[in-house]
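Asker: Predicted model and sequence below, questions to follow.
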Amino acid sequence: MSKKLTQSFAIALALLSSSGFAATKNIDIKANIVGTCAFVNADAITLDFGSLTEGTAPSPQEAKAQFWCTKGTTVNLTANEGANAVSSQMNLKSTTGDTELIPYALTLSKASEIGAGKSNPIELTVNATMEATAADSKPAGDYSDTVTLTLLP
């Protein structure tokens with residue numbers, strides 16, 4: 001065989017062998033970002049009316065905390081009625097075992113927000129108020145309550 005014929009034959013074989021049927025398959029790559037909300041730190045928020053005396057109006061108390069939510073996540077922030085609520089009225093309860101209660105009110109500055117991510121926390125202001133006569137006719141001693149805040153994404 002001539003050199004040209006051999007080369008032509010080799011090229012034809014190469015073309016025939018590379019013209020087979022190809023198969024393809026897609027690979028789908030996925031991820032799911034979970035809408036998350038969290039407080040920036042785990043420290044409890046403390047509101048302290050201090051020492052109360054009869055006939056003296058307690059000063060309103062304010063505390064701040066921060067939380068964050070995944071970008072675009074709508075958050076609902078709620079507070080329960082505390083451990084000593086009676087008919088939806090929040091109360092401080094005597095820690096001496098008495099059943100004495102001191103009514104108070106709690107408000108939150110943020111109830112519904114849209115998150116902007118962990119690096120953009122949302123500031124929450126918590127306010128507690130008490131009527132001017134809150135300490136009147138109450139026995140001396142410590143009073144307390146615990147309210148739970150819940151972030152729902």
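Answerer: Right, received. Where do you want to start? Residues are numbered from 1 along each chain as shown.
Asker: what about stretch 75-86, start to end distance?
Answerer: Counting by Cα to Cα, to the nearest Å, you get 28 Å between the two ends of stretch 75-86.
Asker: try stretch 108-119
Answerer: For stretch 108-119, the end-to-end distance is 22 Å (Cα to Cα).
Asker: Just the residues contacting that stretch, thanks.
Answerer: Residues from elsewhere that reach stretch 108-119, judged by Cβ atoms under 8 Å, 6 or more residues apart in numbering: 35, 37, 68-79, 122-127, 149, 153. For glycine as for every other residue, the C-beta is placed from the backbone atoms N, C-alpha and C.
Asker: Surely residue 74 is in contact with residue 153?
Answerer: Yes: using Cβ atoms under 8 Å, residue 74 is in contact with residue 153, at 7.5 Å.
Asker: Among the contacts of stretch 108-119, name the buried ones.
Answerer: Buried members of the contacts of stretch 108-119, counted by 16 or more other Cβ atoms under 10 Å: 37, 68-70, 73, 75, 77, 122, 124, 126, 149.
Asker: Where do the helices of the chain begin and end?
Answerer: 3-18 (DSSP state H).
Asker: Quickly note the distance from the residue nearest to residue 106 when sequence neighbours are not counted to residue 22.
Answerer: Distances taken as Cβ to Cβ, 6 or more residues apart in numbering put residue 128 closest to residue 106, at 5.3 Å, once the chain neighbours are dropped. Distance, residue 128 to residue 22, using Cβ to Cβ, to the nearest Å: 72 Å.
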